[in-house]
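*Asks:* next input, structure requested:
(2 chains)
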Amino acid sequence: MNGRLDGLSAERLRQWLPLATLVVLVVLVGTLQPVFLQPATLLQLASDTAVLFILATGVTFVIMLGGIDLSIQSMASLASVVVALTVARLGYGAFALAIVIGLAAGFLSGLAHVRLKIPSFIATLATGGVLYSAALVISGERSITLADAERSYQSWITGTLFGVPGVIVIGLVVLVGAHVLQSHTRFGRYSSAIGAGEPAAYASGVKVGRQKIIAFVLSGGFAAVAGVVLAGRLASGSPTLAAELLLPSIAAVVVGGTAITGGVGSIWRTLVGALIISVVRIGMTFLGVNIFAQNIVFGILLVAAVAITIDRSKIPIVK
Amino acid sequence: MSAAAVQPVLSLVGVDKRFPGVHALKGVSIDIRPGEVVGLIGENGAGKSTLMKILSGVYQHDSGEILKEGKPTRFHDAADANSKGIGMVFQEQSLLTNLTVGENIYLGNEKQFTRLGIVDWRRLYAAAARQLAKVKVDVDPRTRTDELGFATRQMVELAKALTLEENAAGHLVILLDEPTSVLERAEIDILFARVRALKARASFIFVSHRLDEVLELSDRIYVMKDGAVVGELEAAGADVTRLHQMMVGRSLQAEYYREPLQKPHRSDVMLKADGLTLAGAYKDISFKLHAGEILGIAGVIGSGREELTRTLAGFAPHGGGRLVVEAKEAVLRTPAEAVDAGIGYIPRERRVEGLVLFLPVAANITLADLGGLTRHGLIDAREERRLASNWVDRLKIRTPSINALCLNLSGGNQQKVVLAKWLNARVKILILDHPTRGLDVGAKEEVYELVRAVTAEGVAVLLTSDTLEETIGLSHTVLVMRDGEITHRTSANPGEKPRQVDLIGHMV
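*Replies:* Below is the predicted model of the structure:
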């Protein structure tokens, strides 16, 4: 059958397209700007990608089971504010506090989605609004710069480990942990199953609601980690610190080849997607594109990536 | 009668259709002449639905020809089939119940009543009233459809199909796909009278499981089996027995259902229902299911057997009475609880509830018992591959590899994956909900063989099936349900299998 063969090769193409795109982009930018390929630049690229990657990793768990989390940027911003406000008193405990808030916010989103049966984009849109306002209120609507004494607590983020920047180490830890979770545990398998065929997963005895809530908890937690890292890098906390990161994060997941409808994807793909976004960003900077215009490109990239990665045979009706 | 000399309105010549793993239509040729009601019969999986879907534009045939009034044609989608004079009255009613009767009749065809984007409702409803008059239904077209009974809705569907008289090219052919399945006898009489009265306006293709009705309404009958037409006869000279023989076409029934492999069941009770009741579905259901037993439940739509099945699979917890699973009283609130209690469910909607089509074979096989594969929180990938390969070998699942997506497997092999999933989870009770639906004959036989094999190992099976024949052929015991209650119980051991007619008496 012809159609099926075409389907298979298209599937293969889809799988390798993101990595091929990344390679082409790196070569392209490197040719135009040879300085881009120098180790120092590449290390800088990796450092810049870390926050985006951590955010995107969290939301990957949710997208894998067919949902979406729109509250991640507000969560990350709130986390940065919490760190900035409490690090003087709590020391390292400030980071733990921020992350616990992230986990709790994710839990509430998940609960609203699962128990009240509210579509995840509505539930997390609402959570995002709440978190954003909370960040505004507790920060007094301003950016809080960390004092020198407070910055010493950030050395695990701003410093280096064996010459490797701390953010990259954190990114790698997130990569390994999230990959194991997504590809080697029951939770990861169940979320693929739910994303690819929720009724069958349910009928097979999978506790669908529980898995969904776990995914939202992870998404909130990773968003908080991203906020913590961002606060460390910028030495400040602000209710709008991560304001421009929602679109690039979701774009990173989808550009990496994880289907927005769920079921198909991996953390590796999100890494590739996040790197693509970063390279495009740097490429645009080299080309002199206005930094505020960059989301125009990411918006277009997101739509194009969804159009390419989506399997239309699976969704006859899009609402 | 020189009917054969008249040019057919619609002809199929050697129409062939394949799906992955199933040869659904094997060179089917049929003729529909003007003003004729043509009956189309066959067991589930004989190819009737595929044929109807090709005629209504849902599927496209691979080869062969469709001739409408002698001219080759092809129906690209439902609207295209409509415009070429094919109307449809479907068993799952296609009316939107939140719209009025008139809106339904002209749904998608409002353009003729529209000026500058505004629908002239008065004209639309007047036209709808004329359509309803054709089928002699006395209903205000402004009535919301959900206020009508099923019989009236069926008439509205017929009226809707007849609007094609005005818009479509050529003589009308109306497909009646199981139109009587939800109707009472008196309603059926009315429907048939209308169809006869409309023969001057249209030809009909009548698909039904009820052979007596097919004989009653049709002028000519085609019998299908395994994707091919195996007989064509005038209704006048035929009888139910003859039709049935042609349809089944099997002399060794006992062999087909692997009766020689049917072993007496054991004495331990695996599942006991005691006065089980669910409001609006079934009441006071009591039975015992033993290890190694196949308990078949027969009944028509509305008998409550489907709901009972869903209760035992954990989808619809019972309201009253007691359910005892392996000596422990249970209320199964979710499928997860059913699975924990040792119950596996093989659903009729294999591709929706049975399998995660977009996951590989291996992941589907292990899905219900991942806990058993998990070491220190991680899935043991090597053990998973070993188990999956093992099941693929044991059940002879034909798949390119254990990493192939279930999507690409044939129906029979998909069903074996579902079975493997439950065997891997070591369930002791299997609920088989129409387990051979949509499978071709060879695949069915394999399923029968496997079901016999698992029961021989002590698994208890509760079966609801598409055909009485299958229920009788497979079961040790048959329960008959009607209007939510058990009306009859009988043993169905080899040598004392009940006859279909005996059971039908208790079903209706």
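*Asks:* show me what residue of chain B gets nearest to chain A.
*Replies:* residue B:339 (3.2 Å; C-beta to the nearest C-beta). The way it works is simple: take the backbone N, C-alpha and C, and place the C-beta from them, glycine included.
*Asks:* any idea which residue of chain A lies closest to chain B?
*Replies:* residue A:205 (3.2 Å).
*Asks:* what residues are up against the closest residue to the residue of chain B closest to chain A other than its chain neighbours?
*Replies:* Sequence neighbours aside, residue A:205 is the residue nearest to residue B:339 in space, at 3.2 Å (criterion: C-beta to C-beta, 6 or more residues apart in numbering or on different chains). Contacts of residue A:205 were listed using C-beta atoms under 8 Å, 6 or more residues apart in numbering or on different chains, and they are B:335-336, B:338-340, B:368, B:425.
*Asks:* which pLDDT does the model give residue A:205?
*Replies:* Per-residue pLDDT puts residue A:205 at 95.
*Asks:* do residue B:499 as well
*Replies:* With respect to pLDDT, residue B:499 scores 85.
*Asks:* what segments of chain A are strands?
*Replies:* In chain A, the strands defined using DSSP state E lie at A:144-145, A:160-161, A:164-165, A:236-237.
*Asks:* which of those has the lowest mean pLDDT?
*Replies:* Among the strands of chain A, strand A:160-161 scores lowest, at a mean of 84.
*Asks:* in its sheet, what does that one sit against?
*Replies:* Using DSSP bridges, the strands paired with strand A:160-161 are strand A:164-165 (antiparallel).
*Asks:* and the strand it pairs with, how far out from the chain's middle?
*Replies:* Offset of strand A:164-165 from its chain centre (C-alpha atoms, centre = their mean, to the nearest Å): 21 Å.
*Asks:* next, give phi and psi for the residue of chain A closest to chain B.
*Replies:* Main-chain dihedrals, residue A:205, degrees, to the nearest 10: phi 90, psi 10.
*Asks:* tell me how far it lies from residue B:340.
*Replies:* For residue A:205, the distance to residue B:340 equals 7 Å [C-beta to C-beta, to the nearest Å].
*Asks:* contact partners for residue A:179?
*Replies:* A:266-268.
*Asks:* check what pLDDT it gets.
*Replies:* On the pLDDT scale, residue A:179 gets 97.
*Asks:* now for chain B, the helix or strand with the poorest mean pLDDT.
*Replies:* Lowest by mean pLDDT, DSSP states H and E among the helices and strands of chain B is helix B:253-256, with a mean of 73.
*Asks:* just the residues of the stretch 251-400 of chain B that are near chain A, which are they?
*Replies:* B:313, B:315, B:334-336, B:338-340, B:345, B:347, B:349, B:352-359, B:363, B:367-368, B:370-371, B:374, B:377-379, B:381 (C-beta under 8 Å from any C-beta of the partner chain).
*Asks:* mind listing what's buried in the longest helix along chain B?
*Replies:* Longest among the helix segments of chain B by residue count, using DSSP state H, is helix B:441-456. For helix B:441-456, a neighbour-count test (16 or more other C-beta atoms under 10 Å in any protein chain shown) marks B:441, B:443-448, B:450-452, B:454-455 as buried.
*Asks:* residues contacting that helix, please?
*Replies:* With C-beta under 8 Å, 6+ apart as the test, helix B:441-456 has contacts from B:45, B:226, B:256-258, B:261-263, B:265, B:292-294, B:395-396, B:410-413, B:415-416, B:419, B:423, B:430, B:432, B:435-436, B:439, B:461, B:473-474.
*Asks:* can you redo the buried residues of helix B:441-456 as CSV with pLDDT and distance to residue B:199?
*Replies:* As requested, the buried residues of helix B:441-456 are exported to CSV (pLDDT from 0 to 100; distance: C-beta to C-beta, whole Å):
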residue, pLDDT, distance to residue B:199
B:441, 72, 35
B:443, 83, 39
B:444, 86, 37
B:445, 86, 41
B:446, 89, 44
B:447, 92, 41
B:448, 93, 42
B:450, 93, 47
B:451, 95, 45
B:452, 94, 48
B:454, 95, 51
B:455, 95, 50
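*Asks:* quick one: low-confidence ranges for the chain?
*Replies:* I went with chain A, as the question did not name one. For chain A, applying pLDDT under 70 flags the ranges A:1-11, A:309-319.
*Asks:* hm, I was asking about chain B
*Replies:* Counting by pLDDT under 70, chain B contains low-confidence ranges at B:1-5, B:21, B:44, B:91-93, B:249-253.
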